[in-house]
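In: Just the structure for this:
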Amino acid sequence: MRRSSKYSPEVQERAVRMVFEHTAEHSSQWATITSIAAKIGCNPETLRSWVRQAERDTGQRPGLTTEERERLKQLERENRELRRANEILKKASAYFAQAELDRRPT
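Out: Numbers count the residues shown, from 1 in each chain. All right, here's what the predicted structure looks like:
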């Protein structure tokens, strides 16, 4: 189950934008992240993960974009449901096959 975020999407977007805008003012991106995280009251590691995902979404960093991650989750969920349905059908088929064998005269 996914937890709801403590921060609204608007706050997340603004914080990420601030990191991109102010990176030149700091010695490293991590220094920028820790500075901005302190100002908005979030954990620097949380902000770092938002920045990394934004970089993936814009093609600056390799990896799955947000849309691709959502699509993958959807396909995995669908796959699980199909496997469950398949298992039920196999058991039902075996049950009815056994019932047919029990019904036939020998």
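
In: alpha carbons only for contacts and neighbour counts from here, please
Out: Fine.

In: which stretches of this protein have low pLDDT?
Out: Along the chain, the model assigns pLDDT under 70 to residues 1-4, 104-106.

In: At the geometric centre of it, which residue sits there?
Out: Arg69 (5.3 Å; C-alpha atoms, centre = their mean).

In: Report the distance from the helix or strand Lys90 falls within to the chain centre.
Out: Here Lys90, judged by DSSP states H and E, is contained in helix 66-103. Counting by C-alpha atoms, centre = their mean, to the nearest Å, helix 66-103 is centred 24 Å from the centre of its parent chain.

In: Now do it: which elements does it pack against?
Out: Judged by 3 or more C-alpha pairs under 8 Å, 6 or more residues apart in numbering; DSSP states H and E, helix 66-103 is in contact with no other helix or strand.

In: Please spell out which residues along it are buried.
Out: Using 16 or more other C-alpha atoms under 10 Å as the burial criterion, none of the residues of helix 66-103 qualify.

In: for stretch 44-56, same thing?
Out: Pro44, Leu47, Arg48, Trp50, Val51, Arg52, Gln53, Ala54, Glu55, Arg56.

In: Return the backbone torsion pair for Lys6.
Out: phi -70, psi -20 (degrees, to the nearest 10).
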